[in-house]
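S.K.: got a sequence here, can you model it:
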Amino acid sequence: MNRPLIDALLDPAMRTEKPRRAGITIMIDKGQMGVRVIDDFAELAGPYCDYAKIAWGSALITTNLEAKLERYRAHNITPMIGGTLFEYAYLRGKTQQLLDFVRAYKVHTELSDGVIDMSRKDKLMWLERFSKHVEVFSEIGGKINRQNHDWAQVIREELAAGAHKIVVEGREIGPVGHEIRTEFVDQVVAATPVENLVFEAFERKQQVWMIKQFGPNVNLGNIPPTDLMTLESFRRGLKEHTLLHTFERVRDKNASPAQTDHGTAVRR
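M.R.: Numbering: from 1, shown residues only. Predicted structure coming up:
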């Protein structure tokens, strides 16, 4: 492959590169990713996938967990475990055992309280303890019912307790098939720089909306492995949904006041 010819066509300023602080993509592994599938996936999409989340609490029933973690790491994709496993352990009084598990496997983790009833004191305490050993992605928002909090205060507290990023629950952003709750998104974005947030965006329309709203380097999570290349195409304007939007973004960034758009045709 003549990579220089391909690279010459891409807008180089559009995307961050690994290791990324912004523009991260968290793929969701629901158990369908065996070691050979991981190799195939990484061959095509590895440069665009930053984290692979072993979904929910499925890490406990994944028979080849160690092999999967090794293969992800071999391809420079960071594995992590899902927040429901934290809630599972907390309910059973086994949070310390989960911390021991996380330390032994050196696997990053998501902490959530989207289903269980947990005090703020407890969540912040466990955030602090886990974050001493691994990266912790702290999820905010309800999975079954919407939560009512001072989101600015919640986000400030959880970042101060050691959260690497704040994951915004997709069901709070807008359940599958529903419109995006823009007022809720506005609240969380007002609380912290957007690079501190990861928006769960399982649906393609959510991904497109986030990219148009916050740019190609917005952090997105819960991306199905089959959608990785589609998402990266959205980010770079290589698909019709964002073609004009990303073009105009690059043009406006590169243009000086003295420049004009002669020779550029954009259909409105």
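S.K.: hmm, who's touching stretch 171-184?
M.R.: 114, 140-144, 146-147, 151, 170, 185, 199-203, 206, 209 (C-beta atoms under 8 Å, 6 or more residues apart in numbering). (Glycine included, C-beta is placed from N, CA and C.)
S.K.: pLDDT weak spots in the chain?
M.R.: Low-confidence segments of the chain, defined by pLDDT under 70: 1, 256-268.
S.K.: center of it, which residue is that?
M.R.: Residue closest to the average C-alpha location in the chain (C-alpha atoms, centre = their mean): Gly221, at 2.8 Å.
S.K.: pretty sure that one belongs to a strand, no?
M.R.: Yes. Assigned with DSSP: H, G, I helix; E, B strand; the rest coil, Gly221 falls within a strand.
S.K.: the closest residue to it other than its chain neighbours pairs with what?
M.R.: Excluding the flanking residues, the one nearest Gly221 by C-beta to C-beta, 6 or more residues apart in numbering is Ile26, at 3.8 Å. Beta-bridge pairing of Ile26 under DSSP bridges involves Tyr51.
S.K.: hmm, Ile26 is touching Asp227, no?
M.R.: No. Between Ile26 and Asp227 there is no contact under C-beta atoms under 8 Å: 11.9 Å.
S.K.: ok, these two, which is more surrounded?
M.R.: Shown here are Ile26 and Asp227; by other C-beta atoms under 10 Å, Ile26 has more neighbours (24 against 21).
S.K.: who's in contact with the more buried one?
M.R.: Contacts of Ile26 by C-beta under 8 Å, 6+ apart are Asp50, Tyr51, Ala52, Lys53, Met80, Phe137, Val198, Asn219, Leu220, Gly221, Asn222, Ile223.
S.K.: rerun that using 10 Å as the cut-off
M.R.: By C-beta atoms under 10 Å, 6 or more residues apart in numbering, the residues touching Ile26 are 49-53, 78, 80, 110, 137, 165, 167, 198, 200-201, 219-223.
S.K.: Gln147 sits in which helix or strand?
M.R.: Using DSSP states H and E, Gln147 maps to neither a helix nor a strand.
S.K.: can you pull the contacts of it?
M.R.: Contacts for Gln147 (C-beta under 10 Å, 6+ apart) come out as Asp113, Gly114, Ile140, Gly141, Val154, Glu169, Glu172.
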